[in-house]
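Enquirer: test case, fold it:
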Amino acid sequence: MTFIRAWRDFRRMQNVAVGAASLIYAGAVLHAYQVLPGGMGLVTQRTLIWPGAFLTLSLFVPLLVPPLRRLLARYVWLSFQAGFGQTPISVMTGVGLLAAAALFIYWQVAGVAHGGRYPAGVFSGYAAGIGILAAQAVLVRVLERLPEVRQIIEEKG
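Expert: Numbers count the residues shown, from 1 in each chain. The predicted model follows:
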């Protein structure tokens, strides 16, 4: 089965968003291990364990709870129809949002060195965002199996 270019670009952008967000997160965690106080146990708890729970919840709850799955699938479909990931501007906007979130994490971590609060929440929030992005990437595959969607996104000929 061959999809129209717009759908292939959209699907690719969903995957790139998950991958880029994950790489940004990994970099932030490595940076946190270098600068955050409290020892390895505390840093692991605040950057991996608790955020891992939030990532898992935000990935699986929308996929397993039918009303949430329908709502997120509708959002994914509307994102496709709006052209997300299909034009240079939309790709740059998506990358810009990920970069802004990365800068926010690094800013929060750097603030600890100057007496700021421990940035546990920012890691959990970002991990939850990665979970939602991953759920959207999964729902792209679910949508393309629906006959009414397939009719729109398959190449004719």
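Enquirer: what segments of this protein are helices?
Expert: Using DSSP state H, the helices of the chain run over residues 5-35, 39-44, 50-64, 66-82, 88-112, 120-143, 147-153.
Enquirer: TSV please, covering these and showing mean neighbour count and mean pLDDT.
Expert: From N, CA and C alone the C-beta is placed, and that goes for glycine too. Written out in TSV, the entries for the helices of the chain read as follows (neighbours: other CB atoms under 10 Å; pLDDT from 0 to 100):
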stretch	mean neighbour count	mean pLDDT
helix 5-35	17	94
helix 39-44	12	94
helix 50-64	17	97
helix 66-82	15	96
helix 88-112	15	89
helix 120-143	20	95
helix 147-153	13	94
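Enquirer: which residues touch the residue lying closest to Ile132 once chain neighbours are set aside?
Expert: On the basis of CB to CB, 6 or more residues apart in numbering, the spatially nearest residue to Ile132 that is not a chain neighbour turns out to be Ser58, at 5.1 Å. In this structure, Ser58 makes contact with 127-132, 135, judged by CB atoms under 8 Å, 6 or more residues apart in numbering.
Enquirer: and Ser58, how far from Val65?
Expert: Shown here: Ser58 relative to Val65, a distance of 12 Å by CB to CB, to the nearest Å.
Enquirer: for Phe80, what are its contacts?
Expert: Counted by CB under 8 Å, 6+ apart, Phe80 has contacts 6-7, 10, 86.
Enquirer: check Pro37 and give its pLDDT.
Expert: Predicted confidence (pLDDT) for Pro37: 88.
Enquirer: what about it, neighbour count?
Expert: Residue crowding around Pro37 was assessed by other CB atoms under 10 Å; the count is 9.
Enquirer: ok, it touching Val109?
Expert: No - using CB atoms under 8 Å, Pro37 makes no contact with Val109, being 11.0 Å away.
Enquirer: returning to what we had before: can you list the contacts of Phe80 in a markdown table and add distance to Glu154?
Expert: Supplementary listing: the contacts of Phe80 in a markdown table, determined by distance: CB to CB, whole Å:
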| residue | distance to Glu154 |
| --- | --- |
| Ala6 | 12 |
| Trp7 | 8 |
| Phe10 | 14 |
| Gln86 | 17 |
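Enquirer: and the residues you listed, which two are the farthest apart?
Expert: The largest distance within those, taken as CB to CB, falls between Trp7 and Gln86 and amounts to 8.8 Å.
Enquirer: quick one: Val29 and Phe123, what's the gap?
Expert: Counting by CB to CB, the gap between Val29 and Phe123 amounts to 8 Å.
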